[in-house]
Structures are given as structure tokens and as C-alpha cells.
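Engineer: fold the following for me, if possible:
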Amino acid sequence: MIYTITFNPALDYVVRVHDFKLGEVNRTSYEEVYPGGKGINVSIVLKNLDEKNIALGYIAGFTGDEIERKVKSFGCSTDFIKLSNGMSRINVKLKSKEESEINGQGPNISDNDLEQLYKKLDLLQKGDILVLAGSIPKTLPKNIYEIIMEKLSKKEIKFIVDATGELLLNVLKYSPFLIKPNHHELAELFNVTIKNEEDIIKYAKKLKEMGARNVLISRAADGAIFINEDNEVIKSRAPKGRVINSVGAGDSMVAGFIAGYLKNERLDEAFKMGVATGSASAFSEGLATKEKVYELLNEIL
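Structural biologist: You can find the predicted model right below:
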């Protein structure tokens, strides 16, 4: 089974304004409310690709109830922990000539709440996939991903980590099956300026030396670079299309990689599926659909 964890899910209020004017009344030309959070995005796209999974995490208040309702409306299975206080956050995604975001803070998560999650994770079995994606609330230990992976380290679970900074660096010693920083995050990890593909490959290989089994570097319109567990470098250009939505494209790439890998455990095909799925979300108002993914996959194969 595939599990995703979203520690701080949200309702994403997505609005489009033709020409946003600061300090004035602006009227939308498009608006929609989606369940948000990197793990949730992965879960939804996996379900769109016919891969069963369970979304874990924390919800609170009426916004939390709506998050769960919307996630289930996509056909996903959930096992969220309902917090007794606070409310799940609302994030505003403003699309105009430039994209802007206002992200809420979210509820507090106590030690007792964490223990409930650990009990759920104790039920994972050998061969399961656990996706740890996104930032974490301030009320949680900064090394929470590390704590989880240490607790489950003997279960032979495939960990997939899509995080940044110390959150990512600290878990490399547990040999995650896949990590997916983008090229900007890669530069930040090593405090360097990345000028070309050779630099990307150089620092991606350093992440492998630090413990990661497979490293996928997303590059937006420039495609992606993949370093597999045999240290083979595979490159892919992004399919042609008009970028409509950058929200969730990276999460979709992770979901596509997982779905592609589960077909026959071929890493090269998983990589191509990941690129197609990330692009499918970027070229759509919402998250990638199966039809759009396979349409773009034909351009990559």
C-alpha cells in the first residue's frame, strides 16, 4: 500500500484576476477551492492514475472537515487524525500577471496527536511506500521526518521524501528510495549557484553519496534529470504545452514516478511517467488526469 502524510493540509482557494491591482477592488475571472498540501496532491494524482493509497495527516475544524470531504470526492481513501482545537488552514493562490500566495498557519499538533500518528505508522508493512512531502508546522519537531524514518527503518519500507533544507538532508542517512528537490532547492541545499546541467548532476550525485538511492531533479520548463541507484544519469525535456498552473506540478511528478515504478519496477519508465505527470498538472487548471498524462507520455517515449 502507498501512504502519504500531510502534516498541515489546507483548503486552497485558487483565484484568477486578469490584472491584479494592489490596494484596489479586484474581481475574479475564475475561482475554485481544492484540498491542498503536498501529500494530499500526491494522493489525488495517484488515485487519478488508478493507484490505491491512503492519505494520512491532521485536520481540524470545519475547514478540516471540508478537506476530508473533498479528498474523498476524488475517490481517495483517508485516515486523518481530527484535532480537537483550531482549524485547518486556508491558502490563497492568486493567479494574475504574476502568481502570489498567502498561506495560513494551521492548528497546533500536540505530543499526544503525534503518538496517534506513530500508532498508525506502526501498521505499515514490508514493501509499503510512505511519501513524506512538504514543510511541517512550527509546533512539530524540526526532525519529525527523521523520527518517523528511524521508527520504521527496520520494516523495509520505501520512503519517498519531497522536502527542502535540513528536513531533507537529515533523512539521507536512512537511504530514502527517492528524493525530489527542484533545481532551486538543490542549489540551496549546498549554498551554491547552479549554472548548468553539469552542476545539477554534480550536486545530485552528492545527495546520492549522502544516502539517497534515487535522485530526481525537476527543472520546470527545462524538464528533469534523474540519477538512479546505479548512478546512471537520465535526462528528459518537458513536453510542449502552455503552463496554466504551477501548483502541484512537483507533487504530481512524485505521484507519476510512483505509478510508473509500480507497473514493472523499471526506474527509467518511472522517471518518464513522472515527467509526463508533472507536466500534465502544469498544463491543466487542476491536477493531472490519467488521460492527459498518457497523452504527454507519448511525447516522451
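Engineer: where do the strands sit along the stretch 151-300 of the chain?
Structural biologist: With DSSP state E, counting those that start in this stretch, the ranges of strands along the stretch 151-300 of the chain come out as 158-162, 178-179, 215-218, 224-227, 233-236.
Engineer: for the last one, list every residue counted as buried.
Structural biologist: Which is strand 233-236. For strand 233-236, the neighbour count (16 or more other C-beta atoms under 10 Å) marks 235, 236 as buried. In this view, the C-beta of every residue, glycine as well, is placed from N, C-alpha and C.
Engineer: which one of the strands of the stretch 151-300 of the chain lies nearest to residue 78?
Structural biologist: Closest to residue 78 of the strands of the stretch 151-300 of the chain, according to C-beta to C-beta: strand 158-162, at 18.8 Å.
Engineer: show me what the closest one is in contact with.
Structural biologist: 38, 42, 127-134, 145, 149, 152, 168, 171, 174, 176-181, 250-251, 254, 257-258 (C-beta atoms under 8 Å, 6 or more residues apart in numbering).
Engineer: quick one on the thing from earlier: which of the strands of the stretch 151-300 of the chain is buried the deepest?
Structural biologist: Each of the strands of the stretch 151-300 of the chain was scored by mean neighbour count; the highest is strand 178-179, a mean of 28, by mean count of other C-beta atoms under 10 Å.
Engineer: what's the average pLDDT for that one?
Structural biologist: Here strand 178-179 scores 98 as its mean pLDDT.
Engineer: what's that strand packed up against?
Structural biologist: Contacts defined by 3 or more C-beta pairs under 8 Å, 6 or more residues apart in numbering; DSSP states H and E place strand 178-179 against strand 158-162, strand 215-218.
Engineer: now do 10 Å
Structural biologist: In terms of contacts (3 or more C-beta pairs under 10 Å, 6 or more residues apart in numbering; DSSP states H and E), strand 178-179 is packed against strand 129-133, strand 158-162, helix 197-209, strand 215-218, helix 249-264, helix 267-282.
Engineer: now distance to residue 209 too, for the strands of the stretch 151-300 of the chain, in a markdown table please.
Structural biologist: Listed next are the strands of the stretch 151-300 of the chain as a markdown table, based on distance: least, C-beta to C-beta, whole Å:
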| stretch | distance to residue 209 |
| --- | --- |
| strand 158-162 | 16 |
| strand 178-179 | 13 |
| strand 215-218 | 10 |
| strand 224-227 | 11 |
| strand 233-236 | 14 |
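Engineer: ok, the nearest residue to residue 240 once chain neighbours are set aside to residue 199 distance?
Structural biologist: Among residues not flanking residue 240 along the chain, residue 299 sits closest, at 7.1 Å (C-beta to C-beta, 6 or more residues apart in numbering). Separation of residue 299 from residue 199 (C-beta to C-beta, to the nearest Å): 27 Å.
Engineer: repeat for residue 261
Structural biologist: 27 Å.
Engineer: so which of those two has more stuff around it?
Structural biologist: Set residue 261 next to residue 199 and count neighbours by other C-beta atoms under 10 Å: residue 261 wins out with 22 against 16.
Engineer: unless I'm mixing things up, the more buried one is touching residue 129, no?
Structural biologist: Yes: Residue 261 lies in contact with residue 129 (C-beta atoms under 10 Å); the separation is 8.9 Å.
Engineer: put the alpha carbons of stretch 182-193 into CSV.
Structural biologist: This file holds the C-alpha atoms of stretch 182-193, laid out as CSV (Å, rounded to 0.1, in the frame of the first residue of the first chain):
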residue,chain,number,x,y,z
ASN,A,182,13.9,21.0,-7.8
HIS,A,183,17.0,22.8,-9.2
HIS,A,184,16.5,25.8,-7.0
GLU,A,185,16.2,23.7,-3.9
LEU,A,186,19.3,21.7,-4.9
ALA,A,187,21.3,24.9,-5.0
GLU,A,188,20.0,26.0,-1.6
LEU,A,189,20.9,22.6,-0.1
PHE,A,190,24.6,23.2,-0.9
ASN,A,191,24.5,27.0,-0.8
VAL,A,192,25.8,27.3,-4.3
THR,A,193,24.9,28.8,-7.7
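Engineer: got the buried residues for that stretch?
Structural biologist: Neighbour-count burial for stretch 182-193, with 16+ other C-beta under 10 Å as criterion, is recorded at 182, 183, 185, 186, 187, 189.
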